[in-house]
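*Asks:* Structure here, sequence nowhere to be found:
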């Protein structure tokens with residue numbers, strides 16, 4: 001089942017607070033991904049906090065995104 005992200009809020013410690021279309025609110029830790037390409041491009045706070053929602057997932061400038069399934073499966077409930 002595919003769950004779209006409908007809202008994202010970034011935190012100072014490189015986590016994403018996510019709201020999904022089913023009403024769940026979950027937290028995804030980006031820190032492990034920031035050491036890898038292509039996400040290393042957003043390892044600065046200034047760039048990381050430019051996250052937004054489009055196409056049902058979280059995106060950043062430069063055509064960077066994460067699959068909504070990954071965001072859901074690897075996050076924890078808030």
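*Replies:* Thanks, I have the structure now. Quantities reported herein were computed from a predicted structural model and do not represent experimental measurements. Residues are numbered from 1 along each chain as shown.
*Asks:* the strands in the chain, which residues?
*Replies:* With DSSP state E as the criterion, the chain has strands at 5-10, 15-20, 25-29, 52-54, 57-60, 64-65, 76-77.
*Asks:* between those strands, which one is nearest to residue 38?
*Replies:* Among the strands of the chain, strand 64-65 comes nearest to residue 38, with 5.9 Å by Cβ to Cβ. C-beta coordinates here come from the backbone N, C-alpha and C atoms, glycine included.
*Asks:* In this protein, spot the helix with the most residues.
*Replies:* helix 68-73 (DSSP state H).
*Asks:* which residues sit against that one?
*Replies:* Here helix 68-73 makes contact (Cβ atoms under 8 Å, 6 or more residues apart in numbering) with 2, 3, 4, 5, 16, 18, 20, 26, 28, 56, 57, 58.
*Asks:* What's the local residue count around the last one?
*Replies:* By that I understand residue 58. Neighbour count for residue 58, taken as other Cβ atoms under 10 Å: 24.
*Asks:* residue contacts, it?
*Replies:* Residue 58 is in contact with 5, 8, 16, 18, 51, 52, 65, 66, 71, counting by Cβ under 8 Å, 6+ apart.
*Asks:* Buried ones among those residues?
*Replies:* 5, 8, 16, 18, 51, 65, 66, 71 (16 or more other Cβ atoms under 10 Å).
*Asks:* re the thing from before, of the contacts of residue 58, closest to residue 33?
*Replies:* residue 66 (7.7 Å).
*Asks:* And the pLDDT for the closest one?
*Replies:* On pLDDT, residue 66 comes in at 94.
*Asks:* in the sheet, who's paired with the closest residue to it other than its chain neighbours?
*Replies:* Using Cβ to Cβ, 6 or more residues apart in numbering and skipping residues adjacent in sequence, the residue nearest residue 66 is residue 58, 5.7 Å away. Beta-bridge partners recorded for residue 58 (DSSP bridges): residue 53.
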